[in-house]
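Asks: show me how the following folds:
(one chain, ligands or ions: 1)
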Amino acid sequence: MNNLKSIFKFGWPYLRRYKGRLMAGILLGFLFGASNASFIWATKTLFTRLTPPAESTAMPDSKKTPGIFSEQAKQIQQTVETVVDPWLPRINTELKWRQILGGLLLLPILVFFRGSVGYLNSYCMAWVSERVIKDLRLDLLHKLNSLSMDFFNKSTLGDLMGRVNGDTQALYRCMSLGFSDLIKEPITVVGVAAGLFWMDPKLTLLSLMFVPTIVIPIRILSKKAKKAFKSSVQEGIGQDSLVVEVYSSIRVVKAFCLEPFQMQRFKGIYERLVRIGMKSVQAKELINPIIETLSVMGLGVVIIFICKTHRDIPHMAAFLVGIISMYTPIKKLGGIPVYFQQANVGAERLIQLFALQPTVKEKVDAIPLKSFQKAITFENVTFAYEGKGPALKNFSLTIPRGMKLGIAGESGSGKSTLVSLTLRFYDPVSGVIKIDGHDVRELSVTDMRSQMALVSQDIVLFDQTIAENIANGKPGASREEIEAAAKAAYAHDFIMALPKGYDTRPGEMGKNLSGGQKQRLCIARAFVRNAPILILDEATASLDAKAEGEVQAAIDRLAEHRTVICIAHRLSTLTNTDKIIVMDNGRIVEEGHFDELLHANGTFANLARKQGIHAKSKLVAQR
Ligand SMILES: Nc1ncnc2c1ncn2[C@@H]1O[C@H](COP(=O)(O)OP(=O)(O)OP(=O)(O)O)[C@@H](O)[C@H]1O
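Replies: Residues are numbered from 1 along each chain as shown. Have a look, this model is predicted:
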């Protein structure tokens with residue numbers, strides 16, 4: 001019950017949007033349930049009319065309908081019989097065409113009606129559930145987009161996939177099947193039980209006396225199912241993460257012959273999934289025989305009671321049809337708590353996610369930034385990642401518009417952190433970062449980021465055409481703008497040599513594109529953005545010498561007339577910068593021009609020497 005309440009509370013804002021269809025679904029569920037009761041009436045009526053009078057009138061009338069409302073029941077029955085009499089055949093009387101038609105069509109009509117409302121009920125509930133899940137997934141993705149980088153640093157891809165797909169799928173199953181059964185099946189049980197009670201209250205009570213006992217096994221088993229489902233969600237996340245991890249790093253896996261080792265990891269997960277899956281199946285399927293046995297125990301009582309009290313054949317037939325038609329709904333009702341338990345696991349995880357707040361928030365009255373005019377400044381900025389010491393310490397820096405700034409330093413010195421703060425992926429713990437004199441926390445995040453273009457060593461292309469990939473830099477860019485950007489990035493010629501040109505999907509033809517070509521597409525994306533601030537985060541680090549030369553030419557062109565922040569491990573790429581800052585342990589330890597720093601014989605010169613760059617000859621080994 002608590003599960004139902006919490007799922008309903010969570011789902012109601014979504015369900016409410018489709019109230020009309022939901023109500024139609026509920027109404028159809030009622031009709032479906034009620035239509036089941038009509039089979040008891042049909043059985044009794046047909047048996048009465050088709051049984052020779054000697055058998056059907058073996059008992060006095062008062063005993064034939066031992067219901068509590070015998071007078072009213074008799075009256076209603078008489079009215080119904082007057083209406084249906086000309087339409088239904090009766091034994092030992094001559095058949096008229098209407099009776100033949102009625103005899104042929106009564107059961108098909110009832111079955112058709114029941115089937116149609118059942119179908120329409122499922123259709124309406126699925127119609128609502130599909131839309132609810134679509135809305136929920138969009139809200140979920142909206143929420144994920146709003147969260148800051150610290151959340152993504154902590155989450156695995158498998159976890160995110162589990163939330164977006166698995167948790168919402170469990171809710172979908174619960175809504176389309178669970179909610180639908182929750183209406184149809186109790187109405188069927190109540191409708192049939194009421195019909196039976198009308199006919200014979202004593203016999204009904206006796207036959208249903210074991211039904212309440214099924215609550216206990218249902219409670220125990222649905223708790224087991226919930227536990228198994230929780231574990232299977234965890235293992236499923238592990239499995240998804242592993243698939244992403246292994247196949248996104250397939251080159252390394254193959255190069256290091258890690259396939260057998262990775263297969264062992266997969267095997268471990270799948271063996272655990274098998275064990276959990278079996279526990280879940282045990283919990284779900286064990287409910288069926290328990291429910292069946294307990295409900296059928298009532299049938300034995302019915303048989304003895306009928307023998308003892310000499311009930312007539314139509315009465316007995318209707319009763320047996322009623323009892324049997326209650327098994328499936330009772331069984332389905334027994335399975336509903338399992339759906340709800342599973343959906344509750346998903347809902348709990350989604351509620352937790354929806355409750356998260358981004359650490360980087362945009363103010364409601366954020367200041368727009370239409371163009372970057374003056375400078376980016378860091379004033380005494382200190383920043384630390386969660387649970388770690390400071391990555392930037394009391395850091396101050398001014399980057400005037402038009403400056404080409406190089407950033408050098410040992411690994412872990414804080415270079416990428418500086419770039420992340422410039423893009424406002426994180427907010428400083430103390431100090432202020434300003435753009436054109438505005439604290440970035442006051443600025444519109446979209447406006448601020450649209451002043452920047454990032455080219456990093458991670459070459460990221462989406463599963464779209466080359467034209468669409470380039471246009472991601474400026475949504476809505478025209479074909480001319482896209483081609484101009486590709487030409488500027490020295491990418492046009494190789495794109496045109498592809499069979500589908502700009503309409504090629506890099507994913508499709510990925511193997512035919514070199515690292516340098518893919519990086520030039522990323523540079524074209526930055527070109528089309530035409531942002532005044534260019535951030536280069538080791539853009540050539542993952543390329544070989546030949547590709548580096550090609551890409552560097554494109555970068556040099558992209559950097560013209562822009563403010564550039566360039567992180568480089570290969571110090572040779574910093575020769576043309578206006579100023580280089582050298583970082584160590586979150587601080588600037590040196591700054592100056594390339595030559596000055598080489599002559600200063602400090603950290604930079606040390607780093608340069610390791611790369612074969614010396615003060616006198618400037619560049620020896622590189623480029
Ligand atoms: N997402 C993160 N979560 C926690 N700590 C991090 C994270 N990213 C970086 N760090 C830590 O912050 C410090 C600075 O890292 P940063 O990546 O800025 O250095 P870097 O100079 O760019 O290094 P590299 O040249 O290797 O990329 C390091 O101690 C690093 O371990």
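
Asks: strands along the stretch 451-600 of the chain, start to end?
Replies: Using DSSP state E, counting those that start in this stretch, the strands of the stretch 451-600 of the chain run over residues 452-456, 533-537, 563-567, 579-584, 587-592.

Asks: same thing with the chain?
Replies: Assigned strands in the chain, in chain order: 375-384, 390-400, 404-409, 430-435, 438-439, 452-456, 533-537, 563-567, 579-584, 587-592 (criterion: DSSP state E).

Asks: hmm, the third one touching the ligand?
Replies: Yes. Strand 404-409 comes into contact with the ligand when judged by CB under 6 Å from any ligand atom, the residues involved being Gly409. All C-beta spots, glycine's among them, are computed from the backbone N, C-alpha and C.

Asks: can you list the strands that that strand pairs with?
Replies: Here strand 404-409 is paired, per DSSP bridges, with strand 563-567 (parallel), strand 579-584 (parallel).

Asks: reformat those strands as a markdown table; add distance to Ala541, mean neighbour count and mean pLDDT.
Replies: A markdown table is the format used below for those (distance: least, CB to CB, whole Å; neighbours: other CB atoms under 10 Å; pLDDT from 0 to 100):
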| stretch | distance to Ala541 | mean neighbour count | mean pLDDT |
| --- | --- | --- | --- |
| strand 563-567 | 9 | 23 | 92 |
| strand 579-584 | 17 | 22 | 93 |
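
Asks: can you lay out those strands as TSV showing distance to the ligand?
Replies: As requested, these are exported to TSV (distance: least, CB to the nearest ligand atom, whole Å):
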stretch	distance to the ligand
strand 563-567	7
strand 579-584	7
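
Asks: take the ones you listed and write them to CSV, including distance to Cys124.
Replies: Below are the strands paired with strand 404-409 laid out as CSV (distance: least, CB to CB, whole Å):
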stretch, distance to Cys124
strand 563-567, 56
strand 579-584, 62
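
Asks: tell me which of those strands lies nearest to Cys257.
Replies: Evaluated with CB to CB, the strands paired with strand 404-409 place strand 563-567 nearest to Cys257, the distance being 33.3 Å.

Asks: okay, the strands of the stretch 451-600 of the chain in CSV with distance to Leu106 next?
Replies: Listed next are these as CSV, based on distance: least, CB to CB, whole Å:
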stretch, distance to Leu106
strand 452-456, 73
strand 533-537, 77
strand 563-567, 82
strand 579-584, 88
strand 587-592, 90
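
Asks: how about the residues of the stretch 301-450 of the chain near the ligand?
Replies: Tyr385, Lys388, Ala391, Gly409, Ser411, Gly412, Ser413, Gly414, Lys415, Ser416, Thr417.

Asks: among those residues, name the ones in helices.
Replies: Members of these lying in helices (criterion: DSSP state H): Lys415, Ser416, Thr417.

Asks: nearest to Phe462, of those?
Replies: Distances from Phe462 to those, taken by CB to CB, are shortest for Ser416, at 22.4 Å.

Asks: and Ile291, how many neighbours?
Replies: By other CB atoms under 10 Å, the residues close to Ile291 number 22.

Asks: pLDDT score assigned to it?
Replies: As predicted, Ile291 sits at a pLDDT of 77.

Asks: contact partners for it?
Replies: For Ile291, the contacting residues are Ile214, Pro217, Ile218, Tyr327, Ile330, Lys331, Gly334, by CB atoms under 8 Å, 6 or more residues apart in numbering.

Asks: tell me which helix or strand in the chain has the weakest average pLDDT.
Replies: Counting by mean pLDDT, DSSP states H and E, the chain has its least confident helix or strand at helix 61-64, which shows a mean of 45.

Asks: can you list the domains in this structure?
Replies: Taking automatic domain parsing as the reference, the chain has its domains at 2-239+270-355, 368-451+531-544+553-623, 459-526.
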